[in-house]
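J.: Fold the following.
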Amino acid sequence: MTEARSFDIDLVAFVRDASAEPPWSTELAEQTRDLVTWEHVTRDAQPHLFEAPRFAPDPDGTIWAPMSEQRARALGDRIATASSAWRIKSSARADDSSPLHAAMGLSAAALVERDGIALVDARTQVGFDADDWCERVAVLTEEGAVTLCDFVRVEHVPDGDGTLSVRTRGMPLFGQRDLTISHLDEKYKDFATWLFLEAFGSYAALRRPLLSGQNFGYTRADPSSKLFFSEAEDGLLRVTDCHPVEKRAVPSLRRCLVNLFPSFLVQRHELLTPPPADLDLELDLDEDDEDDDEDETKVTSLADYAALTRGLHGDDPEAAMQTWGVSWGTLAAVTYEWTAALAEEGARDTLEAAVFDDPSGLSA
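T.: Got it, this is the predicted structure:
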């Protein structure tokens, strides 16, 4: 039986039409009444709601580039022209995503029917222009999915000792608790963002609540590949490598980095530099196959792999891929191949060095 999740949704749809008449049909209102509440608000009555958002989704749709301040300012200028808005909230418990569907559907109706300007998530202060928001709602309606990284922010706060405290804001929109990691090495900043939004975020899409006492990792008995969820301050869930019963630390964070690195690497660079539209991911890596000559990888040793990795983390990943004869298709295969081989040999520490440390001293 699927366990119910607690939602915390607060969406503000800014409109030019000041009519206080509900902009959606009576039928839609009745369908969503048990899931959401709504109210018509005015600038005079609640001026604090009419402030410019502080964040906006990256226009390229990635999770790696900084959020566009220019776009946030533009949305703020539009909101400054609005005299009223529709505020849609939910604190419902449900075993599916119906509160999110209801809130997004009503907010889109308000924008369409009342000459909408913008929408702001009041919990995260992420803003969307009206057309962008309605497109996202259409995808949710047609495909039943939303892009987590467009709604959830990941914040990095320096601890002052070369480490970071990392946390999410916005997971309650999906009926999940916000997550945090403490004292994370600064060089893992990008990975932590990916881990929160892609790895843990998949639980939101799968409708599985994240709960204190659960673990995240592989199913084998070795605890070194596991991370644990525990209670943290402010109602957050802490991601930790401390075993909840034995109270001992396991080297799980770095091991988890290594285990998940292939997905991280490929997805990170595909998002940074989109692959060609005609990419064929079903490539045969057999070196004897003449049809695959142009995609044949030159990565034949650990030293090669380390050099490729260093190049991919540089300013010109495309040049690194060209140097080593790695296409977007073979990049995934090569990375998985080396990860699997080294993991099988028990050489995870060596792989960690190749992936995250200076690989110049590694030998073949």
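J.: what's in contact with stretch 159-175?
T.: 5-9, 94, 97, 99-100, 121, 123-124, 126, 148, 151-158, 177-186, 189, 192-193, 196-197, 204, 209, 236 (C-beta atoms under 8 Å, 6 or more residues apart in numbering). The C-beta positions use only the backbone N, C-alpha and C, and glycine is treated the same way.
J.: Let me fix that, I meant to ask about stretch 137-145.
T.: Contacts of stretch 137-145 (C-beta under 8 Å, 6+ apart): Ser97, Leu100, His101, Met104, Gly105, Ser107, Ala108, Val146, Ala205.
J.: Now do the strands in this structure.
T.: In the chain, the strands defined using DSSP state E lie at 5-6, 9-15, 37-42, 84-90, 93-94, 116-121, 126-129, 153-158, 163-169, 179-185, 215-216, 227-231, 237-240.
J.: Show me what the last one is packed against.
T.: Right, strand 237-240. strand 179-185, strand 227-231 (3 or more C-beta pairs under 8 Å, 6 or more residues apart in numbering; DSSP states H and E).
J.: Buried residues, the longest one. List them.
T.: Residues Leu179, Thr180, Ile181, Leu184 are the ones in strand 179-185 that count as buried (16 or more other C-beta atoms under 10 Å).
J.: Quick one, which of the helices and strands packed on strand 237-240 gets closest to Glu318.
T.: Glu318 lies closest, by C-beta to C-beta, to one member of these: strand 179-185, at 27.7 Å.
J.: Can you name every helix or strand that the closest one contacts?
T.: strand 163-169, strand 237-240.
J.: Mind putting these into a markdown table with mean neighbour count?
T.: Formatted as a markdown table, the helices and strands packed on strand 179-185 follow (neighbours: other C-beta atoms under 10 Å):
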| stretch | mean neighbour count |
| --- | --- |
| strand 163-169 | 20 |
| strand 237-240 | 22 |
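J.: Phe216: which of those is closest?
T.: Of all the helices and strands packed on strand 179-185, strand 237-240 comes closest under C-beta to C-beta, at 7.5 Å.
J.: So in that sheet, which strands flank the closest one, and in what orientation?
T.: Its sheet considered, strand 237-240 pairs with strand 179-185 (parallel), strand 227-231 (antiparallel) by DSSP bridges.
J.: Turn these into CSV, including distance to Arg87 and mean pLDDT.
T.: Output for the strands paired with strand 237-240, formatted as CSV (distance: least, C-beta to C-beta, whole Å; pLDDT from 0 to 100):
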stretch, distance to Arg87, mean pLDDT
strand 179-185, 27, 84
strand 227-231, 31, 84
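J.: Out of these, which is closest to Ala13?
T.: Ranking the strands paired with strand 237-240 by proximity to Ala13 (C-beta to C-beta) places strand 179-185 first, at 27.9 Å.
J.: ok so, going back, out of the helices and strands packed on strand 179-185, which is closest to Ile117?
T.: Closest among the helices and strands packed on strand 179-185, using C-beta to C-beta: strand 163-169, at 23.6 Å.
J.: just the angle between that closest one and strand 179-185, please?
T.: With axes from the mean of the first three to the mean of the last three C-alpha atoms, to 10 degrees as the basis, strand 163-169 and strand 179-185 are set at 160 degrees to each other.
J.: What strands flank strand 163-169, and is each parallel or antiparallel?
T.: Strand 163-169 has these strand partners (DSSP bridges): strand 153-158 (antiparallel), strand 179-185 (antiparallel).
J.: how about CSV for those, with distance to Gly311 added?
T.: Converted to CSV, these look like this (distance: least, C-beta to C-beta, whole Å):
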stretch, distance to Gly311
strand 153-158, 25
strand 179-185, 22
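J.: and the strands paired with strand 237-240 as a markdown table, adding distance to Val139?
T.: Below are the strands paired with strand 237-240 laid out as a markdown table (distance: least, C-beta to C-beta, whole Å):
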| stretch | distance to Val139 |
| --- | --- |
| strand 179-185 | 25 |
| strand 227-231 | 29 |
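J.: so which of those strands comes closest to Met321?
T.: Distance to Met321, taken as C-beta to C-beta, is lowest for strand 179-185 among the strands paired with strand 237-240, at 26.7 Å.
J.: related to what we said a few turns ago, so which of the contacts of stretch 137-145 is the most crowded?
T.: Ranked by the number of neighbours (other C-beta atoms under 10 Å), the contacts of stretch 137-145 place Ser107 first, at 29 neighbours.
J.: where's Pro172 relative to Trp38, distance?
T.: According to C-beta to C-beta, to the nearest Å, Pro172 and Trp38 sit 18 Å apart.
J.: Low-confidence regions, the stretch 1-150 of the chain specifically.
T.: 1-2, 58-68 (pLDDT under 70).
J.: how does it look with 50?
T.: 1, 64-65 (pLDDT under 50).
J.: hang on, isn't Ile88 packed against Thr37?
T.: Yes - between Ile88 and Thr37 there is a contact at 7.5 Å, judged by C-beta atoms under 8 Å.
J.: Could you report the neighbour count for Thr323?
T.: 13.
J.: ugh, typo on my part, it should be Asn215
T.: 15.
J.: So for it, what's the pLDDT?
T.: Asn215 carries a pLDDT value of 76.
J.: For the closest residue to Ala20 other than its chain neighbours, list each beta-bridge partner.
T.: Leaving aside its sequence neighbours, Ala20 sits nearest to His40 (C-beta to C-beta, 6 or more residues apart in numbering; 4.5 Å). Beta-bridge pairing for His40 (DSSP bridges): Trp86.
J.: where's His40 relative to Asp178, distance?
T.: In terms of C-beta to C-beta, His40 sits 30 Å off from Asp178.
J.: more crowded one of those two?
T.: Asp178 (23 against 18).
J.: For the more buried one, which residues are in contact?
T.: Arg167, Thr168, Arg169, Gly170, Met171, Pro172, Gly235, Leu236, Leu237.
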